[in-house]
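**Student:** coords below, sequence missing:
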Ligand code: G3I
């Protein structure tokens, strides 16, 4: 997120630019979000501010970085909820679903955690979960554990380590989330399993352990460009069918597509894959990982550039608005 890496001044500059450009070139119709009235949501991230056109498109909110432990508690004991509050307050005020992302993740954990004793780590991680749940009680869902196959937290052993199941630290994380966030859907989120049967079977095995203990409501498939750009519709459908056998909700949680970088390439891949997700009865909602060109974590994945929709966004909003999502 380039704009977040800059100073506060540059953030304001971005906001001003976005507003002015939006006013001049507004190709955005004054209408509801694309998935209003549909059985599934189409959401997006919010980083440090809410772009003026955000609510024209999206009806579910995930903070891009704001609800990561490392973002909130970079200094031990000093909580910075600023970016998280912006996203949460906006979502709640609009009645959009808000997802916390994420409680336990080996990336973007606070730097100071790894040097603590195991018992101190246990205290700190529980305090963090308790505080986040208390602050955002209207969260619709939470990525309790993010990327367990790729980014194991330094405090894994403080949560029970591998234990007898091989994944006790994840089970403990979900117990804590259930204790402190009893009203939220509890999810486990991962990338790279979309077209990798071996990773998928590992991820399914963890989800099953959680399901057997009545701890999980759904899984998030990140669905980033580095997987989806190289997949076709039948592979995507096979993946979703495979996960559907778990019997928990499936969310597409961080969708982005580049496919060579051209408008035509991006559009073609959206047209090929998005309907598979929208029409899959186990998929309950779809979240994109950014949409403003120049502000997405991956260059080329943006859908809205200089106040104008790229063709994939124009297609997407038309498709969603005119196509009922399959739920059974
Ligand atoms: O906030 C600091 C700033 O103070 C500092 O000056 C600057 C220096 O580089 O860094 C800023 O933090 C950056 C942060 O984004 C906020 O902008 C980090 O360097 C940067 O690494 C971080 O990147 C985020 C990344 O997660 C971290 O892993 C991306 O914005 C975010 O889109 C990305 O999102 C992840 C999901 O959470 C999980 N799945 C994969 C996805 C894409 O990588």
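**Tutor:** In hand now; what should we look at? All of these numbers come straight from a predicted model, not from anything done at the bench.
**Student:** now what about stretch 83-92, what contacts it?
**Tutor:** Here stretch 83-92 makes contact (Cβ atoms under 8 Å, 6 or more residues apart in numbering) with 46-50, 54, 60-63, 65-67, 71-72, 96-98, 135-136, 138-139. Heads up, the C-betas are built off the backbone N, CA and C, glycines and all.
**Student:** Strands of the stretch 1-150 of the chain, start to end?
**Tutor:** Assigned by DSSP state E, counting those that start in this stretch, the strands in the stretch 1-150 of the chain fall at 41-46, 60-63, 97-104, 141-146.
**Student:** Identify, out of those, the most deeply packed stretch.
**Tutor:** Neighbour counts (mean count of other Cβ atoms under 10 Å) averaged over each of those peak at strand 141-146, with a mean of 28.
**Student:** Pairing partners for that one, with directions?
**Tutor:** With DSSP bridges as the test, strand 141-146 is paired with strand 97-104 (parallel), strand 185-190 (parallel).
**Student:** Let me see the backbone angles for residue 163.
**Tutor:** The phi/psi pair for residue 163 (degrees, to the nearest 10) reads phi 60, psi -160.
**Student:** on that earlier part again, filter the contacts of stretch 83-92 down to the ones close to the ligand.
**Tutor:** The residues of the contacts of stretch 83-92 that also fall near the ligand, by Cβ under 6 Å from any ligand atom, are residue 65.
**Student:** Can you tell me how far residue 199 is from residue 220?
**Tutor:** To residue 220, residue 199 is 14 Å away according to Cβ to Cβ, to the nearest Å.
**Student:** higher neighbour count, these two?
**Tutor:** Each of residue 199 and residue 220 has its neighbours counted (other Cβ atoms under 10 Å); residue 220 has more, 25 against 16.
**Student:** State whether the more buried one and residue 253 are indeed in contact, as I suppose.
**Tutor:** Yes. Using Cβ atoms under 8 Å, residue 220 is in contact with residue 253, at 3.3 Å.
**Student:** Which of the strands paired with strand 141-146 sits closest to residue 38?
**Tutor:** strand 97-104 (12.9 Å; Cβ to Cβ).
**Student:** For the closest residue to the ligand within the stretch 151-300 of the chain, pull up the helix or strand it's in.
**Tutor:** The ligand sits closest to residue 297 of the stretch 151-300 of the chain, with a gap of 3.4 Å, by Cβ to the nearest ligand atom. Using DSSP states H and E, residue 297 maps to neither a helix nor a strand.
**Student:** my read: it touches residue 291, true?
**Tutor:** No. Look at residue 297 against residue 291 with Cβ under 8 Å: they stay out of range, at 11.6 Å.
**Student:** In terms of neighbours, single out the busier of those two.
**Tutor:** Set side by side, residue 297 and residue 291 show more neighbours around residue 291, with 25 against 17, by other Cβ under 10 Å.
**Student:** who's in contact with residue 146?
**Tutor:** Counting by Cβ under 8 Å, 6+ apart, residue 146 makes contact with 101-102, 104-105, 107, 188-190.
**Student:** so where do the helices sit in the protein?
**Tutor:** 2-5, 8-25, 54-57, 69-72, 82-94, 118-135, 168-180, 197-212, 225-228, 233-244, 263-278, 311-322 (DSSP state H).
**Student:** And the fifth one, what's buried?
**Tutor:** The neighbour-count check on helix 82-94 (16 or more other Cβ atoms under 10 Å) flags 83-84, 86-88, 90-92 as buried.
**Student:** ditto for stretch 293-304
**Tutor:** For stretch 293-304, the neighbour count (16+ other Cβ under 10 Å) marks 293-297, 300-304 as buried.
**Student:** Which secondary structure element of the chain has the lowest mean pLDDT?
**Tutor:** Using mean pLDDT, DSSP states H and E, the weakest-scoring helix or strand in the chain turns out to be helix 2-5, at a mean of 36.
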